[in-house]
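[1] Sequence and predicted structure are below.
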Amino acid sequence: MALPEFELPDPDKQDVAAEDEKFEVEIEDDTPPEDRRRKPMKEPVEDPTEDELSSYDEKVQARIKKFTRGYHDERRAKEEALREREAAETFAKQVFEENKRLQQQLAYGSKAFIEQSQSSADMELANAKKKYKEAHEMGDIDALTDAKQRFLKLL
């Protein structure tokens with residue numbers, strides 16, 4: 001009586017393109033609706049010089065410094081958000097590639113384990129047949145019973 005054959009899917013034949021399609025990145029525009037149609041400034045705002053500021057009243061100077069600081073804070077926040085987004089995309093790609101590599105490694109490891117188990121079982125079955133045959137030829141009833149039990153256990 002032969003053991004049933006078990007086949008693993010071949011990892012080389014897996015549709016890698018189908019796996020890539022499962023990975024999606026959605027980019028959402030979180031710009032407020034009233035600001036979406038505004039054109040960005042072509043050149044960054046220049047910081048006012050001390051001479052320019054000295055020609056204005058103290059309240060105006062404070063207001064100009066506040067707006068300038070706000071502009072630079074916003075620019076730095078946007079640059080940081082862009083860096084974080086790029087880092088997140090890079091990390092997501094690395095995780096995706098690592099996952100794909102681990103899945104392939106698992107498939108190969110499982111295949112090797114099954115092949116090794118199959119060959120081990122085949123050797124045990126051949127050994128049990130040999131012991132049964134030897135016991136039958138010798139006419140040893142106890143050895144014949146033991147060999148038959150072992151043979152049936154393997155099936």
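    Good, I have the coordinates.

[2] Can you list the low-confidence ranges for the protein?
    Scanning the chain with the threshold set as pLDDT under 70 gives 1-23, 45.

[3] Please enumerate the strands of it.
    With DSSP state E, there are no strands along the chain.

[4] quick one, which residue of this protein lies the farthest from its center?
    When distances are taken from the C-alpha mean of the chain, residue 139 lies farthest, 61.6 Å away, according to C-alpha atoms, centre = their mean.

[5] if I look at that one, how far off is residue 130?
    In this view, residue 139 and residue 130 are 16 Å apart by C-beta to C-beta, to the nearest Å. C-beta here means a position set from N, CA and C on the backbone, and glycine is covered the same way.

[6] So which residues of this structure form helices?
    Secondary structure of the chain, counting by DSSP state H: helices at 16-22, 50-54, 58-138, 141-154.

[7] Which among those helices is found nearest to residue 28?
    helix 58-138 (11.3 Å; C-beta to C-beta).

[8] tally of neighbours for the closest residue in space to residue 36 that isn't next to it in sequence?
    In space, and not counting its chain neighbours, residue 36 is closest to residue 29: 7.3 Å by C-beta to C-beta, 6 or more residues apart in numbering. Neighbourhood size, residue 29 [other C-beta atoms under 10 Å]: 7.
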